[in-house]
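Student: requesting a structural model of the entry that follows:
(2 chains)
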Amino acid sequence: MDCQQVFREISNFLDGDLDPELKRAIEAHACGCHHCEVVVDTTRKTIELYCDGRLFALPLRVRERLHATLRQKCHQKLS
Amino acid sequence: MSETSPRTVEQSESALVTAAKAGSYDAFEQLVNRYEHKIYRLGLNITGNPEDAEDVLQEAFLKAFENLPKFREDSRFYTWIVRIAVNQALMKLRKRRSDKLVSLDDPIEEDGEVIPRDFADWAPNPEQLLGRTETREVLEKAIQDLPPSFRTVFMLRDVDGLSTEETAEVLGLTISAVKARLFRARLRLREELSKVFKRG
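Tutor: Residues are numbered from 1 along each chain as shown, chains lettered A, B, ... in the order given. You can find the predicted model right below:
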């Protein structure tokens, strides 16, 4: 296992989408390789940052407009 | 649809779809409540424009409302509404970039292997390093710099939580194409964020 192999598999590694032997080999390499450890950790952190729902919150005004439009549509359908 | 049917709390998605199809507006509204934030965020990140994202949100749920009787339930409602929203968002993007063809199934550009270049540790709490507004700006800038095909796959897989298979289904891509785009998107974003969040 070398750094290039770790980089190539990093996405599958983070998704847990690797066979156990390859996963163990990457973990063992990353334990002793600071560069790979950093890349794995910061790629994981990248994903976590984008998952923070507070960062891309739906504005209240937009939400209210959506619900008003849908209710109006529903009334039209009923009438 | 009736607006007076009893409110059901925490029903499963399929139960809500069944009730909405049977005429319960309350059930449809619960589906909207469940997914509106994700659909808005998806539209915002694909189009990069808050006005377009608002339109995508409106149009996606209006289309879902109108076409609900035709929804065959061979996929989750969420996957269905995501597919509608992605199509709406891509139409917006094409309008804004009339000189460019925006496609999700373009072959990945051959710019060589994606190799990490920045190996600096990040500060322990990067999101606290900057204010929330500034963090948001950094994240938005980084994701907007990705090609639409990478950006959309990243959003669906990592932010909206679709599986690889669902993402492939929604975008009409093969599983290996989804994985390749996701891999490149993640590493490119990491490189960009490293410039801002690295320690020291």
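
Student: and the helices in chain A?
Tutor: For chain A, the helices defined by DSSP state H cover A:3-14, A:20-32, A:34-50, A:60-78.

Student: indicate which one of these is closest to B:Asp160.
Tutor: B:Asp160 lies closest to helix A:34-50 among the helices of chain A, at 10.2 Å (C-beta to C-beta). All C-beta spots, glycine's among them, are computed from the backbone N, C-alpha and C.

Student: the residue lying closest to A:Glu37 once chain neighbours are set aside: neighbour count?
Tutor: What sits nearest to A:Glu37 in space, not counting adjacent residues and going by C-beta to C-beta, 6 or more residues apart in numbering or on different chains, is A:Ala30, at 4.8 Å. For A:Ala30, the neighbour count with other C-beta atoms under 10 Å in any protein chain shown is 21.

Student: from B:Leu68, how far off is A:Ala30?
Tutor: Noted for A:Ala30: a distance of 48 Å to B:Leu68, by C-beta to C-beta, to the nearest Å.

Student: cool, A:Leu22 as well?
Tutor: For A:Leu22 relative to B:Leu68 (C-beta to C-beta), the value is 44 Å.

Student: please apply the same query to B:Arg188.
Tutor: Distance from B:Arg188 to B:Leu68, counting by C-beta to C-beta: 38 Å.

Student: want to throw the helices of chain A into JSON lines with mean pLDDT?
Tutor: Below are the helices of chain A laid out as JSON lines (pLDDT from 0 to 100):
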{"stretch": "helix A:3-14", "mean pLDDT": "94"}
{"stretch": "helix A:20-32", "mean pLDDT": "95"}
{"stretch": "helix A:34-50", "mean pLDDT": "94"}
{"stretch": "helix A:60-78", "mean pLDDT": "92"}
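
Student: reformat the ones you listed as JSON lines; add distance to B:Gly172.
Tutor: Listed next are the helices of chain A as JSON lines, based on distance: least, C-beta to C-beta, whole Å:
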{"stretch": "helix A:3-14", "distance to B:Gly172": "21"}
{"stretch": "helix A:20-32", "distance to B:Gly172": "30"}
{"stretch": "helix A:34-50", "distance to B:Gly172": "23"}
{"stretch": "helix A:60-78", "distance to B:Gly172": "27"}
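
Student: quick one, which of those helices gets closest to B:Phe150.
Tutor: The closest of the helices of chain A to B:Phe150 is helix A:3-14. By C-beta to C-beta, the value is 12.0 Å.

Student: B:Asp55 and B:Ile39: what is the separation?
Tutor: Distance, B:Asp55 to B:Ile39, using C-beta to C-beta: 12 Å.

Student: so for the two, which sits in the more crowded spot?
Tutor: B:Ile39 (28 against 17).

Student: mind listing what's buried along stretch B:82-89?
Tutor: Within stretch B:82-89, the residues scored as buried using 16 or more other C-beta atoms under 10 Å in any protein chain shown are B:Val82, B:Arg83, B:Ile84, B:Ala85, B:Val86, B:Gln88, B:Ala89.

Student: residues contacting B:Val32?
Tutor: A:Leu66, A:His67, A:Leu70, B:Phe61 (C-beta atoms under 8 Å, 6 or more residues apart in numbering or on different chains).

Student: highest neighbour count among those residues?
Tutor: Neighbour max across the contacts of B:Val32 (other C-beta under 10 Å) = B:Phe61, 25 neighbours.
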